[in-house]
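# Could you work out the structure for the sequence below:
(2 chains)
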Amino acid sequence: MPITETHEIHKRRFGRNLGVALTLVGFVAIVFFLTMSKIRNGGSFEAFDHSVRPSITESEGESQ
Amino acid sequence: MSDFTANTSTPKQEAQFGDYFALLKPRVMSLVVFTAFVGLMVAPVSVPPVDAFTAILFIALGGGASGALNMWYDRDIDQVMKRTQSRPIPSGRVTPGEALSLGLWLSALSVVMLGLAANWFAAAFLAFTIFFYAVVYTVWLKRSTPQNIVIGGAAGAFPPMIGWAVATGGVSIESVLMFALTFMWTPPHFWALALFMKSDYDEAKVPMLTVTHGRPHTRKMILAYTLLLAPVAIATGLTSIGGPVYMAAAVVLNIMFVKGGYDIWRRSEDQALEDDYKTEKKVFRFSLLYLFLHFGALLAEAGLRSFGLGGW
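Okay, here's the model as predicted:
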């Protein structure tokens, strides 16, 4: 059975709901483009996670 | 038949999306956006456009969050003063709990997102700014001292330093001077407004300088701050972010602002009443232009520098 509009509250809150929806879509877009930008600009996206990772310890070894 | 009953009764005035947005004080946010943007652009380190956009957006959101916390705490004052009675909380469209919740969540979100977009020093700086405005200014100073505008003005002066920190990850003399410029500008700007706004701060028990120390003293303080502001503005022009364009603008604007402060100081209240605070209104409008043009000139210097021009 399809969900149909049954109450005037849907109309009354349409503006607010639309605002929240657009804000959330905007936030998702920001996180996406920020991630792309960070990757593209070559930032380090590997970090210490409690196991030995030569790719992030190599530079330390070189500098010694 | 159902044992579930939704509360769908129509309240007198239901909050719309715009009411929640109004809690963030959009006009204050526009100043935050502009000064933070200039702070970021004049820094010697370039930031990728998407990172810069995200950083400015969340600095603005952090400023907005502190505005929501301010409206939550000041709801009793806002209820009394005519100017603020139509705000979302005193008008009954938004509940105090909603405003507090929005302020706290947006504070957390803006700090975390700024940390991810830029660096954690800038994020910590933003967190401190929110704390300073919401707690030090709103909770502590606003109701206890006539110097509320002076010290509280620091909260509005931090954004260019945060913008600078986004790019450089630190603090330097240039960013401190941009802070000082906005900090010293705030008192004459607000006190000029306080002179001609027939405000009901007294009824709300907010100690404004015009009420606690009188209007002649306020006029004297406006002149004093315009005189103290001038060397700060000139000193900014002598640093690495300054240059001939900025210096020319700063010299002209500060002569005009000191002249405005002097004009306000030598006027009596009767003279002001006679022409409906013409000079005070003029100086207030000029103060807006003053700050805009100073930061605009810094931006122009940065723009020229990218073409090999500008700077000393």
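# Every contact and neighbour count from this point should use C-alpha atoms.
Will do.
# Close to chain B: what parts of chain A are there?
Within chain A, the residues that sit near chain B (C-alpha under 8 Å from any C-alpha of the partner chain) are A:9, A:13, A:15-17, A:19-20, A:30, A:33-34, A:37-38, A:41.
# Return the subset of the residues you listed lying in strands.
Among those, no residue falls in strands (DSSP state E).
# where's the dip in pLDDT among the residues you listed?
Lowest pLDDT of the residues of chain A next to chain B: A:Ile9, 78.
# what's around it, how many residues?
12 (other C-alpha atoms under 10 Å in any protein chain shown).
# before we move on, what about B:Gly97?
The burial count for B:Gly97: 11, using other C-alpha under 10 Å.
# List the contacts of the spatially closest residue to it that is not a sequence neighbour.
Spatial nearest neighbour of B:Gly97, excluding adjacent residues (C-alpha to C-alpha, 6 or more residues apart in numbering or on different chains): B:Trp72 at 7.9 Å. Counting by C-alpha atoms under 8 Å, 6 or more residues apart in numbering or on different chains, B:Trp72 makes contact with B:Ile89, B:Pro96, B:Gly97, B:Ala99, B:Leu100.
# Take the residues you listed and write them to CSV, including secondary structure, distance to B:Val47 and pLDDT.
Converted to CSV, the contacts of B:Trp72 look like this (DSSP: H, G, I helix; E, B strand; the rest coil; distance: C-alpha to C-alpha, whole Å; pLDDT from 0 to 100):
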residue, secondary structure, distance to B:Val47, pLDDT
B:Ile89, coil, 39, 95
B:Pro96, helix, 39, 96
B:Gly97, helix, 38, 96
B:Ala99, helix, 34, 96
B:Leu100, helix, 33, 97
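# and the two most separated of those residues?
Greatest spatial distance among the contacts of B:Trp72 (C-alpha to C-alpha): B:Ile89 and B:Leu100, at 10.7 Å.
# Relative to chain A, which residue of the stretch 51-200 of chain B is the closest?
B:Asp51 (6.3 Å; C-alpha to the nearest C-alpha).
# give me the element that residue is part of.
Using DSSP states H and E, B:Asp51 falls within helix B:49-73.
# And for the residue of the stretch 51-200 of chain B closest to chain A, the neighbour number?
B:Asp51 has 22 nearby residues by other C-alpha under 10 Å.
# swap in the one 3 residues further on?
Look at B:Thr54: counted by other C-alpha under 10 Å, it has 21 neighbours.
# How about B:Phe132?
A count of nearby residues for B:Phe132, using other C-alpha under 10 Å, gives 22.
# Verify the contact between it and B:Ala157 for me.
No. Counting by C-alpha atoms under 8 Å, B:Phe132 sits too far from B:Ala157 to count as a contact (11.2 Å).
# quick one on the thing from earlier: take the contacts of B:Trp72 and lay them out in a markdown table including distance to B:Ala224.
Output for the contacts of B:Trp72, formatted as a markdown table (distance: C-alpha to C-alpha, whole Å):
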| residue | distance to B:Ala224 |
| --- | --- |
| B:Ile89 | 37 |
| B:Pro96 | 39 |
| B:Gly97 | 42 |
| B:Ala99 | 38 |
| B:Leu100 | 38 |
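# If you rank the residues you listed by neighbours, which is first?
B:Ile89 (26 neighbours).
# residues in contact with that one?
So B:Ile89 contacts B:Met71, B:Trp72, B:Arg75, B:Thr95, B:Pro96, B:Ala99 (C-alpha under 8 Å, 6+ apart).
# Lovely, talk soon.
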